[in-house]
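Participant: A predicted structure for the sequence below; I have some questions about it.
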Amino acid sequence: MTQVLIDATISLDGFMAGPNVSVAHPMGEGGLRLHEWLSNSSSSPVDAKAESDSHEATGAVVLGRRTFDVGYGVWNDTPFATPCFVLTHAPLEPRVEKSGTFTFVTDVKDAYAQAVAAAGDSAVRLMGAEVSQHFLKAGLVDEIRVQIAPVMLGFGTRLFEHLCVKHIELEQLGAVQSPYVTHLRYRPKP
């Protein structure tokens, strides 16, 4: 069965991007520090496994329009070799790339349905704070995987800033650490 995953790296103070996200700074100013664990994964079996598991499990991606706009120049393709669904108020025609197609959709439930169908038995990975929050609010997230980087950014985009819900109960599924990051896994309770 297809799982929908939030899989994000955040700072200890909860930011998944630094301030002033732009094409010149896709992770915001200072935000690239969050992903240093990926460049060190060859020296950490824990991080190498987490990265490998994430890529192997991903069968489709749902991302927001801002993530698409600032990330495309970095990727020059889809972020994963899978179909990608861009949740936006201003859709474009589908964009075919060598590793997959970007399909632009305007509704969370439509993005969910298309991504789940495209993923088959693999997982749907959510990219971006707003997309993650929309899916979590709609009860469409099966697992939250958070990597906590040993840095505090102070400002930027928080992963869970605008949930606007009283509380969400979580079941802890696992926690492992490396010298570079702490990997946490949770399941939202119904």
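Facilitator: Looks like it came in fine. Numbering: from 1, shown residues only.
Participant: Give me the below-cutoff pLDDT ranges for the protein.
Facilitator: With pLDDT under 70 as the threshold, the chain has no low-confidence stretch at all.
Participant: Identify the bridge partners of the most centrally placed residue in the chain.
Facilitator: The structure's the chain has its C-alpha centroid closest to Met127; by CA atoms, centre = their mean the separation is 2.9 Å. Taking DSSP bridges as the rule, Met127 bridges to Leu63.
Participant: so it makes contact with Gly64?
Facilitator: Yes - taking CB atoms under 8 Å as the definition, Met127 is a contact partner of Gly64 at 7.4 Å. C-beta here means a position set from N, CA and C on the backbone, and glycine is covered the same way.
Participant: so where do the strands sit in this structure?
Facilitator: Applying DSSP state E to the chain gives strands spanning 4-11, 15-17, 58-64, 84-87, 95-96, 101-105, 123-127, 143-149, 157-158, 170-177, 182-188.
Participant: how about those strands, which one is nearest Leu38?
Facilitator: When the strands of the chain are compared by CB to CB, strand 4-11 sits nearest Leu38, at 8.2 Å.
Participant: That concludes my questions; thank you for your assistance.
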